[in-house]
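A.B. asks: sequence plus the predicted model coming up.
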Amino acid sequence: MKKFEMKIYNDVFYFKYNEMATTVEEAKQQAEVVKKELSDPKITKFLNDNSNIKTVASQEVNEVWGELMAWVGQNVEKNATVAPNMALKMQLNRLSRTAGTIDKIKAFTTVEEAMEFLDISDMKL
């Protein structure tokens with residue numbers, strides 16, 4: 001299985017993370033793939049599917065993801081994350097509400113809910 005899958009649909013970049021990066025170098029390479037795709041002016045929304053992730057990243061890898069998420073927040077109109085469980089969904093949404101970005105950045109537990117938030121219910125995965 002590939003570590004990640006990706007697809008572009010209209011103005012949406014879909015990134016499905018299948019296996020957690022284990023090194024900072026691997027995380028940085030994956031972050032660059034995301035940045036490259038989201039830098040396309042036609043892409044205005046990001047659907048980040050982490051539903052398959054069952055492990056916790058190291059602190060160093062988490063720092064890479066934190067930097068990427070800050071960049072994403074400044075470079076897309078809407079960002080939907082599919083969390084692997086309810087607890088993570090609630091934590092991500094609490095952070096987004098605290099930052100005042102809940103209308104732009106939101107977490108869900110199903111890809112269907114995330115697609116609805118991004119107005120792409122007809123997207124085929």
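C.D. replies: Here it is on my side, so go on.

A.B. asks: what's the host helix or strand of E112 packed up against?
C.D. replies: Per DSSP states H and E, E112 falls inside helix 111-117. Using 3 or more C-beta pairs under 8 Å, 6 or more residues apart in numbering; DSSP states H and E, the elements in contact with helix 111-117 are strand 45-49, strand 78-82, strand 105-108. For glycine as for every other residue, the C-beta is placed from the backbone atoms N, C-alpha and C.

A.B. asks: switch the cut-off to 6 Å
C.D. replies: If you count contacts as 3 or more C-beta pairs under 6 Å, 6 or more residues apart in numbering; DSSP states H and E, helix 111-117 packs onto strand 78-82.

A.B. asks: picking up where we left off before, buried set for the helix holding E112?
C.D. replies: By neighbour count on 16 or more other C-beta atoms under 10 Å, the buried set for helix 111-117 is V111, E113, A114, M115, F117.

A.B. asks: from the chain's centroid, how far away is that helix?
C.D. replies: Centroid separation for helix 111-117 versus its chain: 13 Å, with C-alpha atoms, centre = their mean, to the nearest Å.

A.B. asks: now tabulate the buried residues of helix 111-117 in JSON lines and tack on distance to E19.
C.D. replies: Below are these laid out as JSON lines (distance: C-beta to C-beta, whole Å):
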{"residue": "V111", "distance to E19": "18"}
{"residue": "E113", "distance to E19": "23"}
{"residue": "A114", "distance to E19": "20"}
{"residue": "M115", "distance to E19": "23"}
{"residue": "F117", "distance to E19": "25"}
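
A.B. asks: of these, which is the nearest to D49?
C.D. replies: Lowest distance from D49 to these (C-beta to C-beta) belongs to V111, with 5.9 Å.

A.B. asks: ok, now how distant is that closest one from K7?
C.D. replies: Per C-beta to C-beta, to the nearest Å, V111 is found 12 Å from K7.

A.B. asks: N48 contacts A83, doesn't it?
C.D. replies: No - contact criterion C-beta atoms under 6 Å: N48 and A83 do not qualify, at 9.5 Å.
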